[in-house]
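**Q** next comes the sequence, and after it the predicted model I'd like to discuss.
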Amino acid sequence: MNLFELSSNWKNLYELDSEDMEVFNALLQVDEAIEEKAVNIAYVVKKLEGDAETIKKEVDRLSALRKTNENKQKRLKEYLWQNMAYLGMEKIDTPLFKFAIQNSAPSLKITDTSKIPLRFQKLEPVIDKAAIKESLKNGEEVEGARLIQGKHLRIR
């Protein structure tokens, strides 16, 4: 029987409001079954938490490995480019690869943001959620915002 069915049975037995010992014993049995289900769910939750942590560590490890690889690529390309430039070589043709020093696409460098005309600026409001939350906690009313109190299940 799944947890939903057990909960329905428990609620139906409880609503009988009977002094009958059989009903009381049945209620206790359903209680025990619900507790057993809860324990089994907790085992699965804890296993999934451990798996998630293991996966996170592996993602972090692989991310660091990727970054190291990308940095090595960058350094090797820079090394080759510098030596080709030093020797005045614009091109190298080999049976496997072709190398060429060429101009990159133009890129933009902003030297002084205060001098950029407004027509090139995006003015997007930034909401300070932490300040709003603190104000609401202190009893201040903030139009368009409210504190909500949720609930969650904690397994210890």
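**A** On my side now, so go ahead.

**Q** for A38, give me its contacts.
**A** By Cβ atoms under 8 Å, 6 or more residues apart in numbering, the contact list for A38 reads L3. C-betas here are computed from N, CA, C, even on glycine.

**Q** give me the mean pLDDT for the helix or strand where it lies.
**A** Taking DSSP states H and E as the criterion, A38 maps to helix 21-87. Helix 21-87 shows a mean pLDDT of 94 in the predicted model.

**Q** and the gap between the residue nearest to the spatial centre of the chain and I155?
**A** Nearest residue to the geometric centre of the chain (Cα atoms, centre = their mean): K56, 10.2 Å. For K56, the distance to I155 (Cβ to Cβ, to the nearest Å) stands at 19 Å.

**Q** next, count neighbours for S8.
**A** Neighbour count of S8, defined by other Cβ atoms under 10 Å: 13.

**Q** any idea which helix or strand carries it?
**A** Here S8, judged by DSSP H and E, is contained in helix 3-15.

**Q** quick one, that helix and helix 21-87 angle?
**A** 150 degrees (axes from the mean of the first three to the mean of the last three Cα atoms, to 10 degrees).

**Q** helices or strands up against helix 3-15?
**A** Here helix 3-15 touches helix 21-87, going by 3 or more Cβ pairs under 8 Å, 6 or more residues apart in numbering; DSSP states H and E.

**Q** give the next helix or strand downstream of the helix it packs on.
**A** With DSSP H and E, the next secondary element past helix 21-87 is strand 91-93.

**Q** what lines up beside that next one in the sheet?
**A** strand 98-100 (antiparallel) (DSSP bridges).

**Q** only C-alpha atoms, please: export stretch 113-131 in PDB.
**A** Taking Å, rounded to 0.1, in the frame of the first residue of the first chain, the C-alpha atoms of stretch 113-131 are listed here in PDB:
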ATOM      1  CA  THR A 113      30.800  55.400 -19.400                       C
ATOM      2  CA  SER A 114      29.700  58.900 -18.200                       C
ATOM      3  CA  LYS A 115      30.300  60.300 -21.700                       C
ATOM      4  CA  ILE A 116      28.100  57.700 -23.600                       C
ATOM      5  CA  PRO A 117      24.900  59.300 -24.900                       C
ATOM      6  CA  LEU A 118      21.700  58.200 -23.200                       C
ATOM      7  CA  ARG A 119      20.400  56.700 -26.500                       C
ATOM      8  CA  PHE A 120      23.000  54.000 -26.100                       C
ATOM      9  CA  GLN A 121      22.200  53.200 -22.500                       C
ATOM     10  CA  LYS A 122      19.700  50.700 -21.100                       C
ATOM     11  CA  LEU A 123      18.100  51.900 -18.000                       C
ATOM     12  CA  GLU A 124      16.700  48.900 -16.200                       C
ATOM     13  CA  PRO A 125      15.600  49.100 -12.600                       C
ATOM     14  CA  VAL A 126      17.300  46.900 -10.200                       C
ATOM     15  CA  ILE A 127      15.200  45.800  -7.200                       C
ATOM     16  CA  ASP A 128      17.000  45.500  -3.900                       C
ATOM     17  CA  LYS A 129      15.100  42.400  -2.500                       C
ATOM     18  CA  ALA A 130      17.200  42.300   0.700                       C
ATOM     19  CA  ALA A 131      16.300  45.900   1.600                       C
END
